[in-house]
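J.: Based on what follows, work out the 3D shape:
(2 chains)
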Amino acid sequence: MSGTSAARVTAAVKVYGSGDTEVRALDGVTLGFTAGRFTAIMGPSGSGKSTLMHCAAGLDTLTSGEAHIGGTELGSLGDKKLTLLRRERVGFVFQAFNLLPTLTVAENITLPQDLAGGSPDREWTDALIDVVGLRDRLHHRPAELSGGQQQRVAVARAFAGRPEVVFADEPTGNLDSRSGEEVLGLLGRAVRQMGRTVVMVTHDPVAAAHADEVVFLADGRLAGRMEEPTAERVLDRLKSYDRAGAVT
Amino acid sequence: MSADGSARTALRISFASLRTHKRRFAGTFSAVLLGVSFLAGTLVMGDTLRASFDSMFGNATSGTDAVVRSESAITTSDDAMGTRSPLRVDKSLKAVRATEGVAATEPSVEGSGQLVGSDGEPVGGEGPPTTAGNWIADSRLNPYELAEGHAPRAHGEVVINRGAAETGKLKVGDTITLRTPDPLKVRIVGLATFGGEDGMAETTFTGMTRADAEKYLMPETGMAASLRVRADDGVSQQQLADRLEPALPGGVEAITGDQAADENLENLSGQFLTLFTSLLLVFSGVALLVAIFSIHNTFAIVVAQRTRENALLRALGASRRQVLGTTLTEATVVGAVASAVGLGVGIGIAAGLQALFPAIGFPFPEGSLVISSLSMLLPLAVGVVVCLASALLPAVRAGRTAPLAALRETAAETTRVSRARALTGVLLGAGGIALAAVGAASGTRSVPLTATGAVAVLAAFIVLGPVASSFAVRVLGAPVATARGLTGVLARRNALRSPKRTAATATALMIGVAVVSLFTVFASSLKATMDETVARNFAGDVAVSTPGFGGGGSGLSPRLGPAVQKLPEVETSLGLGQGVARIDGTGQELTVTDPAKLPRVMNLGKVDGSLARLGGDGIAVSGTRAQEHGWKPGSTARLAFTDGKEKTFTVRAVFETGELTGDYVVTHEAWDPHRSQNADRLLSVAFKEGVSQEKGEAAVAAVAERYGKPDVQTREEYAQSAAGGIDMMLTLVYALLALAVLIALLGIANTLTLALHERTRELGLLRSVGQTRAQLRAMVRWESVLIAAFGTAGGLGLGGFLGWALVRATDSRGMSVLNLPPLQLTVVALVGVAAGLAAGWRPARRAARLDLLRAIATE
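T.: Here you go, the predicted structure:
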């Protein structure tokens, strides 16, 4: 692994519930997401991949261990500081419901900057709008867009504030394969052409193949990594985990 | 499925839904509860008051079996009880004593007497009457019982009721002034109770020796208001009255003691209880009306949110009727439970008020609460019906849910506002305004027309709500969006999302605010009208009068006017007294004064004829009355007085404005033979040229001091005090309407909570992309404020219009002034907006505490 980590977790443990109902969603994961790279997190359902993303992004707090965005340790931050950190240093793309129905496309894109009360970087957002190809839709409401268009707006929003890292949680989960391709293409281009950092949680080997590297999680632990993934190799690896899981 | 089984299924689904969504119905529950408890409290309190007064009067007058009094009474539009002339005691007394079956009889002298405390402040008199009379020695004939000290034996000794003593901080042995209205130094020698209470409600009573009472309260000695008669054992009240009747001299009648007590009670309850309870009932009505909107809104939202659930039920084979039944059952259960609790709370309120009222000096006799079956059943029925009626439309909508709706993505209400609605609203509004305007222009006779117009306008406001809300929120929200940036923009857009919902939420507040501003405008217009009337009519420099609103006060000593006239500063000092006569068949109030001097202290406008020589058989009338009767100087009118005498008067003058002077003016020469207690109601004083206001006022005040210290006021002060009762009324109105605003507030809070629940994922998104908790709270509160501001603005508009209509409708002379008091209306507006802020508080806090991960979790 080379380069600095845009985000990382160290000995991350996340426990839900207690006693009989205790679930260890993360069980000592140490992992860095290299700046300027596109990383996919994969694993079967319940492997802890979403929890890992939530904790690394400051949406949730770890039971023990540390999470960093750049040089900032998240565990010591209160709700207010975490919120500001998400607003200024992190971008998000969720599976669905990424946009506020009352705001126009343009307003949705600059939402984090508007929340901060600052003025958005016009040139940069302009460039983004062209990249996602939504110039003629700027004054539409989300309800007037297709699902794929909505996700493209979400991608533009995620990068609008030039965050240190963008987390995408199953960004193509609700899309047909063509729209999904478009969104994944955008994420990839943002990394390779604009030097951004993207961490994506997915269960789709085809989506994972767009990443520079795939990180596999199983039962809350780091199960392996794969550089320059292809869909077939990812699928094979997943099958091996499933088999291993079935044996134990 | 059998009918029975299907009903049971609907019921089971209803209960399951109620259990699951307790929170959603909290607002509905509270709204019904508040309205019902207010209604129940009012009914119980009214019954209890009535019963208490009943038993109090029963106790007090149980010893009097018959009352002998003058036959004829003259009633005027202001005094339904009427004025009855006193009777000559000797002849009647002789006749009564000679009647078989009479055990005892005593004359009862009745008049008014205002006690003035040692500090110069009048005791009581701010509404309830201040009475005076002779202390009746026969304890069973005397409604008052001696509680302390002894009966008055010598000149100047009095017994007063214990309530008056407490109010004025007086005790046995004190020497104080009694205005009869001639000031009289009296020494308190005893305290009395009335039917076991400290007094007859807040009425004050002063009992004197019979000689004193006759001297000060009757036109001449040997007269009394009535004779009280007690029967021998075995003689019934009716028998006694029947035996007395033929023995009495002409013009004198006998009635039973029960009848006399009923008349007294009716007089008291007619003036006070009926007004009090009907006022409270009106407010329960307003509260319930407001509740209807809150409840309707809750059900509308719940049904909209449940579209998928209902569609699923329909897809699985539930009939329309079953889905409709489910919602209606929910409404019934909520309504019944809330009404039952509300009933309990209402009875508690009545009990609390019973304990509280005496502490704030309001009469509420002790005794157990009277809870009639009507005051149990009515609030329960009203609560359930209100709930059912409010839920009916949403329930029908729920029943119409298409099974396919389960498959559609959106679950929210339709937000389109139909053109038909806008058209209906505009037509209703225009029609209403036109009706009201026509009604207002044609004066008091067309009150029904104005009222219909007002109701139509109210309906138009409700119908147009959704149309107006988008516009209003856009306008009102613009400054918020500018000032608060994205938070303001989001708040504004959220309020704009569902115009129907925003309007329905705001309507509850609108009605509350409308009623408040209606009363504010009406009261302030009354005051302004009074100001104008005084300015137009009063030509003097100071007015002397006794304070008192309604029937209180005892008037001015007739000797005060001449005494003030002697002052070197004074040009003219003229007392205006009051009389009563039946003129051409209807009872009218007379102004008794020196008409020749009248134009010097009162503006009468143009005078046709001469005021100088009215004499003993002349009358001056206002232009309005002259026109009604077709009188001109030289016409004649037949006047009948309380003593039964009739006389033909000649109209010698017709004057233009009589608002303050009165419509009929006669001389003392004409009135005095028929009068009872002699008093002036107003003394108007004009200073000589060059006398400063301060100097003149001080001189008049110094003289007034010797005559029981009535108020010496400038024109402005006089106008204000004449309207003084209005503020008191208004305070009560505000206090009661706080309830309506509270219910409206609950409605807003409830709608917001439900809306925020719908927007959980949006809130989660906002929080995850960097909205701080403070920003989220501010966003919700601003939305709430915007809804409230819309409701308040609508309420102010509606209230202003209704105020105008009311002022015009009650204006008999076409002289009323419409006054929109900027300060009070600003306060009302601020309270409305503050209510919005308060309503948004809890939903905002709850929304800010939202679990982020749950909110963004996909289904």
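J.: What strand or helix carries B:Ala793?
T.: Using DSSP states H and E, B:Ala793 maps to helix B:773-809.
J.: Any residue of that helix touching chain A?
T.: Yes: for helix B:773-809, a contact with chain A is found by CB under 8 Å from any CB of the partner chain, at B:773-775. To be clear about C-beta, it is placed using only N, CA and C from the backbone, and glycine gets the same treatment.
J.: Pull out the buried residues from that helix.
T.: For helix B:773-809, the neighbour count (16 or more other CB atoms under 10 Å in any protein chain shown) marks B:773, B:775-809 as buried.
J.: What of stretch B:87-106?
T.: Buried residues in stretch B:87-106, counted by 16+ other CB under 10 Å: B:87, B:89, B:92-93, B:95-96, B:99, B:101-106.
J.: any idea which of the residues you listed is closest to chain A?
T.: B:Leu87 (82.2 Å; CB to the nearest CB).
J.: what secondary structure does B:Arg845 sit in?
T.: helix (DSSP: H, G, I helix; E, B strand; the rest coil).
J.: any idea how far B:Thr327 is from it?
T.: Distance, B:Arg845 to B:Thr327, by CB to CB, to the nearest Å: 30 Å.
J.: For the two, indicate the residue with more neighbours.
T.: B:Thr327 (26 against 14; other CB atoms under 10 Å in any protein chain shown).
J.: In chain A, what residue lies closest to chain B?
T.: Per CB to the nearest CB, the residue of chain A with the smallest distance to chain B is A:Arg87, at 2.3 Å.
J.: Tell me which residues are up against the helix or strand of chain A with the lowest mean pLDDT.
T.: Lowest by mean pLDDT, DSSP states H and E among the helices and strands of chain A is helix A:231-247, with a mean of 76. The contact list for helix A:231-247 (CB atoms under 8 Å, 6 or more residues apart in numbering or on different chains) reads A:42-44, A:205-206, A:208-209, A:214, A:216, A:218-219, A:223-224, A:226.
J.: what's the spacing between whatever helix or strand B:Pro394 lives in and its chain's center?
T.: Using DSSP H and E, B:Pro394 sits in helix B:373-399. Centre-to-centre, helix B:373-399 and its host chain are 28 Å apart (CA atoms, centre = their mean, to the nearest Å).
J.: tell me what that helix is packed against?
T.: On a contact count with 3 or more CB pairs under 8 Å, 6 or more residues apart in numbering or on different chains; DSSP states H and E, helix B:373-399 meets helix B:22-61, helix B:274-305, helix B:320-356.
J.: which secondary structure elements does the one helix or strand the residue of chain A closest to chain B maps to contact?
T.: Per DSSP H and E, A:Arg87 falls inside helix A:79-89. Secondary-structure packing of helix A:79-89 (3+ CB pairs under 8 Å, 6+ apart): helix A:111-116, helix B:773-809.
J.: So which of those helices is nearest B:Gly168?
T.: B:Gly168 sits nearest to helix B:773-809 of all the helices and strands packed on helix A:79-89, at 38.0 Å, using CB to CB.
J.: Need the phi and psi values for A:Val93.
T.: Per-residue torsions, A:Val93: phi -130, psi 120 (degrees, to the nearest 10).
J.: same deal with B:Asp594?
T.: Dihedral angles for B:Asp594 - degrees, to the nearest 10 - are phi -100, psi 100.
J.: Repeat that for the one 4 residues further on.
T.: In this entry, B:Leu598 is assigned phi and psi values of phi -50, psi -50 (degrees, to the nearest 10).
J.: what's the neighbour count on it?
T.: 24.
J.: repeat for the one 10 residues further on
T.: Counted with other CB under 10 Å, the burial measure for B:Asp608 works out to 15 neighbours.
J.: and the gap between it and B:Val654?
T.: 4 Å.
J.: now do B:Phe53
T.: With CB to CB as the criterion, B:Phe53 and B:Val654 are 45 Å apart.
J.: Then A:Thr230?
T.: The value you get for A:Thr230 to B:Val654, if CB to CB is used, is 113 Å.
J.: Tally up the residues packed near the residue of chain A closest to chain B, please.
T.: By other CB under 10 Å, the residues close to A:Arg87 number 24.
J.: likewise A:Arg152?
T.: 25.
J.: tell me, how many neighbours does the closest residue in space to it that isn't next to it in sequence end up with?
T.: Excluding the flanking residues, the one nearest A:Arg152 by CB to CB, 6 or more residues apart in numbering or on different chains is A:Val132, at 4.3 Å. Using other CB under 10 Å, the number of residues around A:Val132 comes to 25.
J.: And the pLDDT for A:Val132?
T.: You'll see A:Val132 listed with a pLDDT of 86.
J.: Pretty sure it sits against A:Ala154.
T.: No: applying CB atoms under 8 Å as the test, A:Val132 and A:Ala154 come out as separate, 9.3 Å apart.
J.: Run the chain-centre distance for stretch B:617-625.
T.: Remark: stretch B:617-625 is offset 33 Å from the chain centroid, using CA atoms, centre = their mean.
J.: So for it, first residue to last residue, what's the gap.
T.: End-to-end distance for stretch B:617-625, by CA to CA, to the nearest Å: 18 Å.
J.: What segments of the stretch 151-300 of chain B are strands?
T.: Taking DSSP state E, counting those that start in this stretch as the criterion, the stretch 151-300 of chain B carries its strands at B:157-161, B:175-179, B:183-194, B:204-208, B:223-224, B:226-231, B:252-256.
J.: Given the fifth one, what are its sheet partners and their directions?
T.: When you say that, I think you mean strand B:223-224. Strand partners for strand B:223-224, identified by DSSP bridges, are recorded as strand B:87-88 (antiparallel).
J.: State the mean pLDDT of the next helix-or-strand element following the partner strand.
T.: Of the helices and strands lying after strand B:87-88 in sequence (DSSP H and E), the nearest is helix B:89-98. In this model, helix B:89-98 has a mean pLDDT of 87.
J.: for stretch B:648-655, same thing?
T.: Taken as a whole, stretch B:648-655 has an average pLDDT of 91.
J.: Kindly report the same for stretch B:292-307.
T.: 79.
J.: Same question for stretch A:171-186.
T.: 90.
J.: before we move on, what about stretch B:31-51?
T.: Stretch B:31-51 shows an average pLDDT of 82 in the prediction.
J.: could you list every residue that touches the spatially closest residue to B:Phe538 that is not a sequence neighbour?
T.: Among residues not flanking B:Phe538 along the chain, B:Arg715 sits closest, at 5.5 Å (CB to CB, 6+ apart). Counting by CB under 8 Å, 6+ apart, B:Arg715 touches B:534-535, B:538, B:540-543.
J.: Mind giving me the PyMOL command for buried ones among these?
T.: A single PyMOL command is used to select the members of the contacts of B:Arg715 judged buried by 16+ other CB under 10 Å:
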select buried, chain B and resi 534+538+540+541+542+543
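J.: In helices, which of the contacts of B:Arg715 fall?
T.: B:534-535 (DSSP state H).
J.: Now intersect the contacts of B:Arg715 with the strands, please.
T.: When the contacts of B:Arg715 are checked against strands (DSSP state E), the matches are B:542-543.
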